[in-house]
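Novice: Got a sequence here, can you build the structure:
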Amino acid sequence: MPAPPILWLALAALLLGLVLVGADSDGLLLIGGLAALVLTLAAALVPIVPPLPQVLLFAVLVGAGYAWLRRWSARRQARAIPPAARAELAEVTTGLEANGEGRVRWQGQSWAAQNLSAQALAPGSEVTVMGREGTRLQVLPRQVSLSE
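Specialist: You can find the predicted model right below:
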């Protein structure tokens, strides 16, 4: 029995809803939601296709979309953040180990971040955004980065 288009639409709504609440870190949920929308249309237009090919097409769409997104992100050059006079602060949302990775809230959005210091950073602490490489911010603890 073919998978009804409503199942793909429900999956798309779930994945895109998670993106809206900030659960997406690398764009995978966004790509999955868009792929589910494409499958909604495909299942509605060609209802005789069995579920297994639909699931395989979904996997191919997500894989290809994610690979494209990663390639596109890698090609983008790192954007330099303005010098110290206009340094921007971010708030740690998930702990950052020394020289490790985590998440910060910067300009109202959640960002993946790389801790450039040898000091672990606890959630809620302020960091200075030093640069950006693709979709990952490079941060230092506020007291280490600049003299105020």
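
Novice: Sketch out the helices for this structure, chain order is fine.
Specialist: Ranges of helices in the chain, per DSSP state H, are 5-20, 28-45, 51-75, 142-145.

Novice: what's the longest one packed up against?
Specialist: For helix 51-75, the contact count by 3 or more CB pairs under 8 Å, 6 or more residues apart in numbering; DSSP states H and E identifies helix 28-45 as packing neighbours. Yep, even glycine has a C-beta here, placed from its N, CA and C like the rest.

Novice: contact partners of the helix it packs on?
Specialist: For helix 28-45, contacts defined as CB atoms under 8 Å, 6 or more residues apart in numbering pick out 2-5, 7-9, 11-16, 18-19, 23-24, 49, 54, 57-58, 61-62, 65-66, 69.

Novice: Next: stretch 64-75.
Specialist: 26-28, 31, 34-35, 134-135.

Novice: what's the most distant pair in those?
Specialist: Spanning the widest gap among these are 35 and 134, at 21.9 Å by CB to CB.

Novice: For these two, indicate the residue with more neighbours.
Specialist: residue 35 (24 against 15; other CB atoms under 10 Å).

Novice: How many neighbouring residues does the residue lying closest to residue 16 once chain neighbours are set aside have?
Specialist: Of all residues not flanking residue 16 in the chain, residue 33 sits nearest, at 3.9 Å (CB to CB, 6 or more residues apart in numbering). By other CB under 10 Å, 22 other residues sit near residue 33.

Novice: how many other residues sit next to residue 88?
Specialist: Residue 88: 13 neighbours (other CB under 10 Å).

Novice: no wait, residue 108
Specialist: Residue 108 has 5 nearby residues by other CB under 10 Å.
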